[in-house]
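Asker: Please find the sequence and the predicted model below.
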Amino acid sequence: MGPFIVTLWWIGFWGTIGLCFGSFLNVIIYRLPRDIALSDPVWSACPYCTARIRWYDNLPLFGFLSLRGRCRDCFAPISSRYFVVEALMGMIVLLLLDAFFMQQTRVGLSDSPIGINEHLSHDWPIFVAHVLLFSCLVGMSAIDLEHYWVDVRFTNWVTVVGFALHMIWTPVHTTDWHRPSDTTALISLVAMGGVILVWLMTTCQPNVDSEDDCIDDPEEEVEEAVSPLRPAPGAAPSYAFTLEPSRIPVVVMSGALILLVALLLTNAAGLFNLSPHWRVIIPLGLLFAFIVREGSIVRESDQEIVDAIYEERHGARRMVLGELLWFAPAIFFAFLAYTVMAGDGVVATHFQDTMQNTTRYWGITLFRQWSPMMGLATAASGFIIAGAIGWAVRIGFTLVLGKEAFGTGDIHLMAATGCIAGWPVVLLGFIVTCGLALVGWLMTLPFKRSRAIPLGPWLSLSFLIVVIYYDSMVQWPIIARCLVAVDMLFFNNSQVVGVQGIS
C-alpha cells in the first residue's frame with residue numbers, strides 16, 4: 001500500500017472520528033446545562049416534539065444536510081450550530097493529525113522516515129490524549145458561551161485520561177517533550193497527592209438537603225420528569241443553540257472542511273506543498289469568528305453573571321484567601337519533597353533510579369521503553385504547574401481588584417490542559433488568550449455591552465494555536481528567554497533549554 005493511500009486512510013479515519021465526537025458533543029452541550037441525563041433517553045430526540053431521530057438522520061453533517069435543517073416529524077428548525085460543532089471537531093482532529101504526524105511540527109515525537117503508520121505506532125497515546133482534550137474543550141466552550149460556566153466533569157475526565165495515557169507513552173525519543181527533572185517530578189507527585197487528599201475531604205462530606213430544597217408536591221416532580229425534552233404547554237421550543245437556522249454557516253464550514261482535506265491530500269501526494277502553518281489559518285479563523293458571533297448574542301446569562309460577581313464582591317478577598325488554605329497540604333508535601341531531594345540521600349537516589357529505569361514484568365516490557373513513573377510525573381507536573389498559574393492569577397487579581405477576577409472552572413480547564421499538553425503550552429496559551437479575548441470583546445461591542453467575557457472559548461482557541469505553533473513560537477527570542485526564566489523557577493522542568501540551545 002503506497003504512502004498516499006495510507007495517508008488517505010488515516011485522514012478519512014480520524015476525520016470521521018472527529019465528526020462523531022462533534023455529534024456526541026452536541027448532545028452533551030444541550031443536555032448538561034438543562035440537567036437532562038445523557039442516558040435518558042439514550043437516543044437523540046427533537047427538543048420540540050421529542051420524536052426519536054432516525055439513525056440515518058443522526059449521521060454527522062449528512063443528517064443535517066439531508067433534513068435541510070428541519071425536523072423530519074414536526075418540521076421545527078434545527079440550528080446550524082449543530083452542523084458547525086461537528087465540522088469544527090472534524091477540522092480540529094485533522095489539524096492535530098497534520099501537526100503531530102504528517103508535517104511533524106511538534107518536537108518530542110518519532111522522526112522515523114518510514115511514514116505515518118510508524119509515527120502512530122509510537123505516539124498514538126499522546127495524539128489520542130490531545131484529541132480527547134480538545135473534544136472536551138469544544139464542549140466546555142459551547143456551554144460557557146451560553147451559560148458562563150465550565151462543567152468540571154469535563155476537566156476531571158480529561159485529567160484521568162491524561163494521566164493514564166502519559167503513563168504508557170514514554171519512548172526514548174520523547175525526551176524532548178515536557179519532561180520534568182527528578183526534583184520537579186517528586187514535588188509534583190506529592191503535591192498531586194495533597195490535591196487529591198483535599199478533594200476527597202470535600203467530596204466525602206455528607207450532603208444534607210435543607211427543608212427549603214424539598215419539593216412540597218411530589219406530583220410536580222413526577223410531571224416534570226415524564227418528558228424532560230418536551231417544553232411546557234404553550235412555551236417556545238427550547239433549542240440547544242440560540243442561532244436561527246442559516247445556510248451561511250453551513251456553506252462556509254462545508255467549504256472550509258473540504259478545502260482542508262484537499263490541502264492535506266495534495267500535500268501528501270506531493271502536488272502542492274503549502275506550508276503547514278498556512279493550512280491552519282482558515283480553520284482557526286473560522287473558530288475565532290464562531291466565538292465572536294456566539295459572544296455577540298444577547299442572553300440573560302450576560303447580566304446574571306455580572307450581578308453575581310457584583311453581589312459577591314464584599315466577600316471576594318475572604319473567599320480567595322479561604323481557597324488558598326485548600327492548597328496547604330499540597331504546599332506542605334511539596335516542601336517536604338524538595339527537602340528530601342535537596343538532601344541527596346537514599347530516598348532521592350532511589351527515586352532517581354525509579355524515574356530513569358524501564359519497567360518490566362517477568363522480563364517483558366509492556367510498552368516501548370516503558371517508564372510509568374516518568375509518564376506519571378510528566379502529567380502531574382503539567383497539572384500542578386498549570387493549575388498554579390491559574391490560581392495565582394485568580395487569587396492575585398481578586399485581592400487587587402476586590403472582586404472575583406478569574407473563574408475556578410477556567411483554572412480546572414488550564415490544569416487539565418497542562419496535564420496533557422504541558423505547562424509551557426498553558427503559559428503561552430494564557431498570554432495569547434489575553435490578546436484574543438480583548439480583540440473579540442471589542443468586536444462584540446456594537447452588538448451588546450457586557451462587562452463579562454466567557455473565557456473558556458478563548459482559552460481553548462489559544463491552547464489549540466499554541467499546540468500547533470508551539471515549536472515556531474519558542475523560536476522567538478523574547479518568548480524563548482521568558483520560558484527559560486520560568487523554567488529555572490520550576491527547577492529546569494521543560495525541554496526548552498535543551499531543544500533551543502539557550503543558555
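Answerer: Right, received. Where do you want to start?
Asker: Distance of the residue nearest to Leu263 when sequence neighbours are not counted relative to Leu464?
Answerer: On the basis of CB to CB, 6 or more residues apart in numbering, the spatially nearest residue to Leu263 that is not a chain neighbour turns out to be Arg279, at 5.1 Å. In this view, the C-beta of every residue, glycine as well, is placed from N, C-alpha and C. Using CB to CB, to the nearest Å, one obtains 14 Å as the distance from Arg279 to Leu464.
Asker: Neighbour count: these two, which is higher?
Answerer: Using other CB atoms under 10 Å as the criterion, Arg279 and Leu464 rank with Leu464 on top: 26 against 21.
Asker: centre of the chain versus the host helix or strand of that one, how much separation?
Answerer: In the assignment (DSSP states H and E), Leu464 maps to helix 455-473. With CA atoms, centre = their mean, to the nearest Å as the basis, helix 455-473 stands 10 Å off its chain's centre.
Asker: what about the residue lying closest to Leu145 once chain neighbours are set aside, how many neighbours?
Answerer: Distances taken as CB to CB, 6+ apart place Glu294 nearest to Leu145, at 4.5 Å, with adjacent residues excluded. The criterion is other CB under 10 Å. On that basis, Glu294 has 22 neighbouring residues.
Asker: low pLDDT regions in this structure?
Answerer: Within the chain, the stretches with pLDDT under 70 are 1, 112-113, 174-175, 204-246, 272-277, 344-345, 348, 352-369, 450-451, 486-503.
Asker: biggest helix in it by residues?
Answerer: Longest among the helix segments of the chain by residue count, using DSSP state H, is helix 116-147.
Asker: ok, then the element right after it?
Answerer: Past helix 116-147, further along toward the C-terminus, the next helix or strand under DSSP H and E is helix 152-168.
Asker: Of all the residues in that next one, which ones are buried?
Answerer: For helix 152-168, burial by neighbour count (16 or more other CB atoms under 10 Å) applies to 152, 154-155, 158-159, 161-163, 165-167.
Asker: Please name the nearest non-neighbouring residue to the residue nearest the centre of the chain.
Answerer: Most central in the chain under CA atoms, centre = their mean is Leu137, positioned 3.3 Å from the mean C-alpha point. Setting aside the residues directly before and after it, Leu137 is nearest to Ser460 in space (CB to CB, 6+ apart), at 3.8 Å.
Asker: okay but the one you found is in contact with Cys136, surely?
Answerer: No. In this structure, Ser460 sits apart from Cys136 without contact. The criterion is CB atoms under 8 Å, and the distance is 9.1 Å.
Asker: Do I have it right that Phe4 meets Leu271?
Answerer: No. Counting by CB under 8 Å, Leu271 is not a contact partner of Phe4; they are 10.0 Å apart.
Asker: These two: who's more crowded?
Answerer: Phe4 (13 against 9).
Asker: Which phi and psi values does the more buried one adopt?
Answerer: Recorded main-chain torsions at Phe4 are phi -70, psi -40, according to degrees, to the nearest 10.
Asker: In space, what's closest to it - neighbours in sequence excluded?
Answerer: Nearest in space to Phe4, with sequence neighbours left out and distances taken as CB to CB, 6+ apart, is Ala269 at 5.1 Å.
Asker: ok, now how distant is that neighbour from Trp14?
Answerer: 18 Å.
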